[in-house]
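J.: Structure, please.
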Amino acid sequence: MINPIVKTIDLGDGRTITLETGKLAKQADGSVVLRMNNTVLLATVCAAKDANPGVDFMPLQVEYKEKFSAIGRFPGGFMKREGRASDYEILTCRLVDRALRPLFPDDFHAEVFVNIILYSTDGKDMPDALAGLAASAALAVSDIPFNGPISEVRVARVDGKFIVNPTFEQLERADMDIMVGATIDNIMMVEGEMKEVSEVEMLDAIKVAHDAIKEQCRAQLELAEAVDKTMKREYCHEVNDEELRKDVRKKCYDKVYAIAKSGSSKHERSDAFAAVVEGYKTQFTEEELGEKAALIGKYYHDVEKEAMRRCILDEGIRLDGRKTTEIRPIWSEVDCLPGPHGSSIFTRGETQSLSTVTLGTKLDEKIVDDVLCRDKERFMLHYNFPPFSTGEAKPQRGVGRREVGHGNLAHRALKGMLPENYPYVIRIVSDILESNGSSSMATVCAGTLALMDAGVAMKKPVSGIAMGLISENKGKNFAVLSDILGDEDHLGDMDFKVTGTRDGITATQMDIKVDGLSYEILEKALNQAKEGRMHILDKILETISEPRPDLKEHAPRIEVLIIPKEFIGAVIGPGGKIIQGMQEETGATITIEEIDGCGRVEVSANNKTAINAALAKIKGIVSVPEVGEVYEGKVRSIMPYGCFVEFLPGKDGLLHISEIDWKRLETVEEAGIREGDMIEVKLVDVDPKTGKFKLSRKALVPRPEAEQRQERRDR
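T.: Residues are numbered from 1 along each chain as shown. A predicted model of the protein is given here:
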């Protein structure tokens with residue numbers, strides 16, 4: 001007999017979320033089915049009993065998968081089976097991972113696998129906003145040690161009102177879209193995009209999200225109590241040597257502190273830190289080191305962390321010697337590569353992005369075929385992080401989750417500032433050539449420069465900055481850091497990225513690694529970030545103050561023509577014959593699609609002559625022939641009784657032999673007409689029944705006097 005346990009969460013707007021455990025996937029350490037309306041998620045969690053030897057970190061892996069059957073669709077492609085994770089699924093995994101990871105105990109090192117599967121949806125509610133709640137609930141009903149629960153919600157502002165977990169339809173009308181992850185007490189993660197909102201408005205949205213999260217966390221605590229999983233498993237994944245810990249600190253701390261406040265460069269500092277620990281190890285034999293090397297490395301890392309933090313909190317000195325609000329030196333340039341349609345280099349301190357812009361036509365659109373999204377993307381941003389950017393000697397493999405996440409943040413930062421109804425498909429590629437600090441924010445800045453260099457008429461330029469935090473005593477003593485280094489991110493308590501224009505925020509991403517982050521600290525971080533963004537934006541505008549007035553010479557040229565819907569078929573022709581013929585004759589690329597009850601035609605080429613020729617042909621097809629108008633047409637075929645003339649693209653008319661000349665002709669050739677000749681004709685009639693066109697050539701020349709006298713005699 002199955003007796004599932006169910007908890008219900010009232011969202012306060014007529015919708016409810018149910019959490020059910022004890023029915024499905026009972027062999028997992030924790031399993032929960034989440035349902036909201038027709039959206040159903042199954043979240044499971046399994047943890048190894050022991051940690052693998054030598055592991056001193058949290059080996060957490062989160063997977064989110066959407067089944068095509070959830071919405072009654074077949075997967076695309078030949079295999080008809082779900083394959084590698086889509087970008088959307090990867091981004092959802094990252095959202096869940098970033099909220100869960102900091103809350104596992106520091107000394108818990110067993111492998112943990114979280115799997116979230118979308119089994120049902122009607123395409124109305126957004127499942128990514130529910131994945132974090134489902135995963136946390138599965139942990140809550142397991143015996144895996146976890147300092148949660150957490151939940152995640154999406155907050156959108158629609159018509160000036162905040163909506164928690166909006167539908168897809170509501171989100172389309174929103175000017176703010178953020179995802180927030182939090183415990184009952186603390187914010188853990190924020191990510192989103194917005195249309196130039198203020199810092200105050202963003203804080204208000206976070207508070208709305210946190211209020212909703214608190215209710216969802218309480219429901220999980222009740223669920224855990226109902227299944228009697230409030231007590232977690234015992235484990236021992238670390239064996240410590242307190243005397244060794246004290247010895248490492250005693251003999252290394254002062255040396256490390258001196259290096260931390262020396263203001264040296266990344267590699268100099270790294271080499272100096274390595275020399276300290278290597279010097280410490282010389283007191284041990286090889287046999288002793290075999291036993292103690294891992295612990296020495298761990299304790300020495302703690303010494304580095306403490307020295308860096310104390311240096312900032314006590315003296316206000318950062319690893320590279322800067323003040324807490326100081327931005328590293330910036331230099332940038334544009335038009336650095338002749339081949340791309342736009343290019344730039346942006347360097348801030350020891351972080352450098354080389355970005356390029358490529359402009360394309362409708363044929364270059366990215367086709368998206370996800371479970372909940374079948375669409376085409378006209379703006380793409382691809383971020384690459386090769387190992388040499390940090391001096392690592394290792395091969396570069398395929399795109400990882402990090403590249404997808406960082407590229408998505410930069411994409412969200414820039415996309416709202418692209419011109420409306422822009423005819424070009426845009427692709428930005430950011431290659432990180434150096435990295436010590438936020439490379440995603442360097443991508444935003446380099447992307448802005450490259451877009452302006454390409455002549456893309458951006459609404460406003462965008463800049464970005466990464467903020468850090470060093471805090472103690474639950475935030476009573478803290479320092480907010482502008483433009484953080486890689487070590488300050490790794491050893492600090494916050495990584496807060498903010499992008500925007502001079503008038504407001506366009507995107508943000510925040511990860512918190514400590515408890516007790518107050519809204520006071522968040523507000524200070526946002527205001528300090530604004531000052532930094534403005535400084536960086538000024539530096540960008542010193543390099544290029546506005547978009548170039550025209551595209552580069554080798555960029556494709558595109559003209560857009562809107563035609564009546566009923567002419568779409570005429571432009572394409574049977575089997576594409578007409579449109580293909582126009583492309584062959586003119587050398588232009590022509591695409592056509594139906595949008596809002598009209599035909600949208602894009603004509604592109606590298607020269608204006610080809611575009612004008614193609615446009616003339618299309619306009620000829622869509623124009624309505626008028627009796628009495630004169631046209632220049634091409635002789636398509638010759639018959640004994642006359643010839644057929646294409647006087648407009650796709651429109652042929654009969655030029656009868658009697659209408660070629662005033663004198664009597666036995667053959668068409670007598671008038672000097674051959675196939676392929678271009679001749680002027682006049683449309684003299686349209687058969688109302690068949691729609692056939694009657695043409696005349698003699699109507700365009702004066703009637704001879706002899707013909708007029710003969711007609712009078714005949715009368």
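J.: only C-alpha atoms for contact and neighbour calcs from this point on.
T.: Will do.
J.: Isn't Gly468 up against Asp487?
T.: No. If you go by CA atoms under 8 Å, Gly468 and Asp487 don't touch, sitting 10.5 Å apart.
J.: Of those two, which one has the most company?
T.: Between Gly468 and Asp487, counting by other CA atoms under 10 Å, Gly468 is the more crowded of the two (27 against 16).
J.: can you dump the C-alpha coordinates of the helix or strand hosting that one into PDB?
T.: Here Gly468 sits within strand 463-472, counting by DSSP states H and E. Only the C-alpha atoms of strand 463-472 are listed here, as PDB (Å, rounded to 0.1, in the frame of the first residue of the first chain):
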ATOM      1  CA  SER A 463      29.300  48.400 -19.600                       C
ATOM      2  CA  GLY A 464      29.700  45.800 -16.800                       C
ATOM      3  CA  ILE A 465      31.500  45.300 -13.600                       C
ATOM      4  CA  ALA A 466      32.100  42.400 -11.100                       C
ATOM      5  CA  MET A 467      31.800  43.200  -7.400                       C
ATOM      6  CA  GLY A 468      33.100  41.200  -4.400                       C
ATOM      7  CA  LEU A 469      32.600  41.100  -0.700                       C
ATOM      8  CA  ILE A 470      34.800  40.300   2.400                       C
ATOM      9  CA  SER A 471      32.700  40.100   5.600                       C
ATOM     10  CA  GLU A 472      32.800  38.800   9.100                       C
END
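J.: Any buried residues in it, and which?
T.: For strand 463-472, the neighbour count (16 or more other CA atoms under 10 Å) marks Ser463, Gly464, Ile465, Ala466, Met467, Gly468, Leu469, Ile470, Ser471 as buried.
J.: Go through the next helix or strand along the chain from that strand and flag the buried ones.
T.: As assigned by DSSP H and E, the chain's next helix or strand after strand 463-472 is strand 477-482. Within strand 477-482, the residues scored as buried using 16+ other CA under 10 Å are Phe478, Ala479, Val480, Leu481, Ser482.
J.: Also stretch 198-213?
T.: By 16+ other CA under 10 Å, the buried positions in stretch 198-213 come out as Ser198, Glu199, Met202, Ala205, Ile206, Val208, Ala209, His210, Ala212, Ile213.
J.: And for stretch 357-366?
T.: Buried-residue list, stretch 357-366, by 16+ other CA under 10 Å: Val357, Thr358, Leu359, Gly360, Thr361, Lys362, Glu365.
J.: quick one: which two of the residues you listed are the most distant?
T.: Spatially, the most separated pair among these is Val357 and Lys362, at 16.0 Å (CA to CA).
J.: Output the lowest mean pLDDT helix or strand found in the protein.
T.: Ranked by mean pLDDT, DSSP states H and E, the weakest helix or strand in the chain is helix 705-714, scoring a mean of 60.
J.: Do a quick rundown of the helices in the stretch 301-450 of the chain.
T.: 401-415, 439-453 (DSSP state H, counting those that start in this stretch).
J.: Tell me which of those is the most buried.
T.: Most buried of the helices of the stretch 301-450 of the chain by mean neighbour count (mean count of other CA atoms under 10 Å) is helix 439-453; its value is a mean of 30.
J.: Next, the angle from that one to strand 463-472.
T.: Angle between the axes of helix 439-453 and strand 463-472 is 160 degrees (criterion: axes from the mean of the first three to the mean of the last three CA atoms, to 10 degrees).
J.: And helix 439-453, what does it pack against?
T.: The helices and strands touching helix 439-453, judged by 3 or more CA pairs under 8 Å, 6 or more residues apart in numbering; DSSP states H and E, are strand 330-334, strand 342-348, strand 351-360, helix 401-415, strand 425-434, strand 463-472, strand 494-501.
J.: Could you export those as a markdown table, including mean pLDDT and distance to Asp370?
T.: Converted to a markdown table, those look like this (pLDDT from 0 to 100; distance: least, CA to CA, whole Å):
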| stretch | mean pLDDT | distance to Asp370 |
| --- | --- | --- |
| strand 330-334 | 97 | 36 |
| strand 342-348 | 98 | 31 |
| strand 351-360 | 97 | 23 |
| helix 401-415 | 96 | 16 |
| strand 425-434 | 97 | 20 |
| strand 463-472 | 93 | 30 |
| strand 494-501 | 95 | 28 |
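J.: how about these in TSV, adding distance to Pro688?
T.: Shown next, in TSV, are the helices and strands packed on helix 439-453 (distance: least, CA to CA, whole Å):
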stretch	distance to Pro688
strand 330-334	62
strand 342-348	55
strand 351-360	45
helix 401-415	52
strand 425-434	45
strand 463-472	64
strand 494-501	61
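J.: and Arg81, which of the ones you listed is closest to it?
T.: helix 401-415 (21.8 Å).
J.: which other residues reach that closest one?
T.: Helix 401-415 is contacted from outside by 87, 90-91, 94, 192-193, 379-385, 440-441, 443-444, 447-448, 462, 499-500, 506-509, using CA atoms under 8 Å, 6 or more residues apart in numbering.
J.: Stretch 239-249 now?
T.: The contact list for stretch 239-249 (CA under 8 Å, 6+ apart) reads Tyr280, Leu295, Ile296, Tyr299, Tyr300, Val303.
J.: So which of these sit within helices?
T.: If you go by DSSP state H, those have Tyr280, Leu295, Ile296, Tyr299, Tyr300, Val303 in helices.
J.: Val277 is in contact with the fifth one, correct?
T.: So that's Tyr300. Yes. Tyr300 lies in contact with Val277 (CA under 8 Å); the separation is 7.0 Å.
J.: More neighbours: which of those two?
T.: Between Tyr300 and Val277, counting by other CA under 10 Å, Tyr300 is the more crowded of the two (23 against 19).
J.: ok, the nearest residue to the more buried one once chain neighbours are set aside - how many residues close by?
T.: Nearest residue to Tyr300, sequence neighbours excluded (CA to CA, 6 or more residues apart in numbering): Val248, at 6.5 Å. The tally of other residues near Val248 (other CA under 10 Å) stands at 22.
J.: ok so, going back, now the strand holding Gly468 and strand 477-482, what's the angle there?
T.: Using the same axes, to 10 degrees: strand 463-472 against strand 477-482 is 160 degrees.
J.: Give me the packing partners of strand 463-472, helices and strands only.
T.: helix 286-315, helix 439-453, strand 477-482, strand 494-501, helix 519-543.
J.: now, of these, which is deepest in the fold?
T.: When you average the neighbours per residue for each of these (mean count of other CA under 10 Å), helix 439-453 leads with a mean of 30.
J.: what pairs with Val357 across the strands?
T.: As for beta bridges, Val357 partners with Gly342, Ile428 under DSSP bridges.
J.: Then the one 10 residues further on?
T.: Listed by DSSP bridges, the beta-bridge partners for Ile367 are Lys376.
J.: List of residues touching stretch 464-483?
T.: With CA under 8 Å, 6+ apart as the test, stretch 464-483 has contacts from 309, 312-313, 324-328, 437-438, 441-442, 444-445, 484, 488-489, 492-500, 515-518, 521, 524-525, 528-529, 532-533, 536.
J.: which stretch among the helices and strands packed on helix 439-453 comes nearest Asn606?
T.: Judged by CA to CA, the one of these that comes nearest to Asn606 is strand 351-360, at 11.3 Å.
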